[in-house]
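Undergrad: Next come a sequence and a model predicted from it.
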Amino acid sequence: MFKKALLFCCAALLAVGAQAQGLVKMKAGMVTGIDQVGLPIALERGFFEKYGLDVQIARPYATGVDALNALQAGESDIVQVGVPMIGAVLRGMDLVALGNYSGNATKLGSDATMALIARADSGIVKGDLKSLKGKKIAASFGTINHLYALALLEKAGLTPNDVTLVNTPPPDMTVALLSKGIDAFSAWDPWPIVALKDVPGAVEVIRGGDVISYLGFNVATRAWVEKNGDTIEKFLAAVSEADKWMRANPKQAAQVATRWIPGLKQEVAEAAMAFNIQQADRRLSANNYRALYSAQQTLHKLGFLKSTFDVNKHIEPKHMLAVMQKYPQLFSDLPAIPADAAIGPGYQFKP
């Protein structure tokens with residue numbers, strides 16, 4: 001009997017080993033944001049293995065700029081970033097966006113995971129963006145929270161010259177607010193929710209508001225994309241299934257987030273996840289092209305960019321479109337993409 005059991009165990013181990021050997025290895029990177037957790041969910045729930053991948057996730061980076069530096073250094077094959085992609089492309093990095101980790105394919109405005117938080121004694125009034133004038137506001141330059149801060153100033157009829165913008169990584173913003181080094185900060189979740197809990201009297205001046213169209217792409221270098229089409233489609237299918245699981249199971253998804261974002265508490269993760277699932281839409285549409293185009297135009301108009309690029313050259317939709325066609329059940333809980341925003345292979349965006 002013992003001999004039979006031993007033979008069975010050996011056979012099982014050999015089978016597992018053979019299965020593991022058949023998986024395609026790849027490395028992926030993420031940032032410390034609640035909207036990035038579709039990636040570790042795909043790992044923890046076994047979706048990568050289901051689609052034939054053996055994915056290693058690097059330690060979460062503080063910002064998308066750090067993630068792109070890791071991509072350039074070969075630490076990752078694919079990363080999740082948004083606005084930092086713009087500056088990297090303009091500096092000569094040949095990047096391709098393949099799908100959304102966060103965003104909205106059905107409409108233009110989407111910033112539910114963004115908020116601006118102020119100190120109680122800052123003089124900034126909840127809901128009154130004009131009260132930002134003359135204040136010291138933290139943002140991470142070249143990222144989506146920088147774009148969000150600029151859009152809020154524009155909405156208030158102010159310019160960047162009316163405030164002092166302070167370049168700060170999101171994980172450091174709460175401490176900066178506590179120490180009164182800044183009056184307010186703009187950031188993605190979970191950091192606004194963390195500050196509301198940890199900074200006595202902190203005020204949420206505004207959350208979301210559809211003042212920007214969120215940019216959150218799965219990004220890789222063109223050289224890697226051109227050699228790994230099948231792997232990309234497997235990856236996008238796995239993270240799309242993770243997104244659907246996350247939308248249906250936000251409390252459990254929040255638990256996953258606490259294991260990947262250092263210091264994140266369960267109650268904060270659950271609060272942040274409620275906003276995150278509102279824009280967890282991996283699909284691509286004309287709205288995502290326009291979001292990238294509009295972000296460039298805003299940053300160029302305000303003097304933060306010296307030039308812009310053709311978005312058609314840096315978004316490759318065919319892999320995501322193939323996943324949408326092959327696995328429609330992964331998106332069955334999402335609103336349909338409007339006909340005037342739907343795209344097909346070879347789509348060309350026209351401003």
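TA: Received the coordinates, thanks. Every value quoted in this text rests on a predicted model; they were computed, and no experiment measured them. Numbering: from 1, shown residues only.
Undergrad: ok, which stretches of the protein are strands?
TA: 24-29, 53-57, 78-81, 95-100, 114-118, 136-139, 164-167, 184-188, 203-207, 217-221 (DSSP state E).
Undergrad: okay, the angle between the second one and strand 24-29?
TA: Pointing back at strand 53-57 there. Put simply, strand 53-57 runs at 30 degrees to strand 24-29, going by axes from the mean of the first three to the mean of the last three Cα atoms, to 10 degrees.
Undergrad: which ones are touching the closest residue to V166 other than its chain neighbours?
TA: Spatial nearest neighbour of V166, chain neighbours left out: A138 (4.7 Å); criterion: Cβ to Cβ, 6 or more residues apart in numbering. No exception for glycine: its C-beta is placed from N, CA and C like everyone else's. By Cβ atoms under 8 Å, 6 or more residues apart in numbering, the contact list for A138 reads 165-168, 173, 176-177, 182, 184-187.
Undergrad: And the residues you listed, which of them are buried?
TA: 165-166, 168, 173, 176-177, 182, 184-187 (16 or more other Cβ atoms under 10 Å).
Undergrad: Spatially nearest residue to A184 (excluding sequence neighbours)?
TA: A118 (3.9 Å).
Undergrad: Could you do E44 as well?
TA: V256 (5.8 Å).
Undergrad: One more: Q80?
TA: Y101 (4.3 Å).
Undergrad: OK, contacts around that neighbour?
TA: 35-36, 38-39, 80, 216-218, 239, 282.
Undergrad: how about a cut-off of 6 Å?
TA: 38, 80, 216, 218 (Cβ atoms under 6 Å, 6 or more residues apart in numbering).
Undergrad: ok, L215 touching V81?
TA: No: the pair L215 and V81 fails to qualify as a contact (Cβ atoms under 6 Å) at a distance of 8.4 Å.
Undergrad: do you know how far the most centrally placed residue in the chain is from V81?
TA: By Cα atoms, centre = their mean, the chain has its centre lying nearest to G216, at 4.2 Å. According to Cβ to Cβ, to the nearest Å, G216 and V81 sit 8 Å apart.
Undergrad: ditto for D128
TA: Relative to V81, and taking Cβ to Cβ, D128 is found at 32 Å.
Undergrad: Comparing these two, which residue is more hemmed in?
TA: V81 (30 against 11; other Cβ atoms under 10 Å).
Undergrad: Show me what the more buried one is bridged to.
TA: F217 (DSSP bridges).
Undergrad: My guess is it contacts V219. True?
TA: Yes: in this structure V81 lies within contact range of V219 using Cβ under 6 Å: 5.4 Å.
Undergrad: sorry, back to before: and the buried ones among the contacts of A138, which two are furthest apart?
TA: Maximum pairwise distance in the buried ones among the contacts of A138, criterion Cβ to Cβ, is 14.9 Å, between L165 and L177.
Undergrad: burial measure for the residue nearest to T159 when sequence neighbours are not counted, as a count.
TA: In space, and not counting its chain neighbours, T159 is closest to L153: 6.4 Å by Cβ to Cβ, 6+ apart. By the measure other Cβ under 10 Å, the count of residues near L153 is 24.
Undergrad: Can you read off the pLDDT for L153?
TA: pLDDT, L153: 96.
Undergrad: any idea how far N167 is from it?
TA: 16 Å.
Undergrad: re the thing from before, who wins for proximity to F304 among the strands of the chain?
TA: strand 164-167 (10.3 Å).
Undergrad: Now do that closest one: which elements does it pack against?
TA: Here strand 164-167 touches strand 136-139, going by 3 or more Cβ pairs under 6 Å, 6 or more residues apart in numbering; DSSP states H and E.
Undergrad: repeat that with 10 Å
TA: Helices and strands touching strand 164-167, by 3 or more Cβ pairs under 10 Å, 6 or more residues apart in numbering; DSSP states H and E, are strand 136-139, helix 144-155, strand 184-188.
Undergrad: Save these as a markdown table, and put in distance to A269 too.
TA: What follows is these, written out as a markdown table (distance: least, Cβ to Cβ, whole Å):
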| stretch | distance to A269 |
| --- | --- |
| strand 136-139 | 22 |
| helix 144-155 | 19 |
| strand 184-188 | 14 |
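Undergrad: okay, stretch 47-63 in CSV with CA atoms only?
TA: The C-alpha trace of stretch 47-63 is given here as CSV (Å, rounded to 0.1, in the frame of the first residue of the first chain):
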residue,chain,number,x,y,z
PHE,A,47,-5.9,33.1,-13.5
PHE,A,48,-2.4,33.4,-14.9
GLU,A,49,-1.9,29.7,-14.7
LYS,A,50,-5.3,29.1,-16.2
TYR,A,51,-4.2,31.0,-19.3
GLY,A,52,-0.8,29.4,-19.5
LEU,A,53,1.4,31.9,-17.8
ASP,A,54,3.9,31.9,-14.9
VAL,A,55,4.0,35.5,-13.9
GLN,A,56,6.4,37.0,-11.4
ILE,A,57,5.3,40.4,-9.9
ALA,A,58,8.0,42.9,-8.8
ARG,A,59,7.7,44.8,-5.6
PRO,A,60,5.1,47.6,-5.9
TYR,A,61,6.7,50.9,-7.0
ALA,A,62,5.8,54.3,-5.5
THR,A,63,4.9,55.9,-8.8
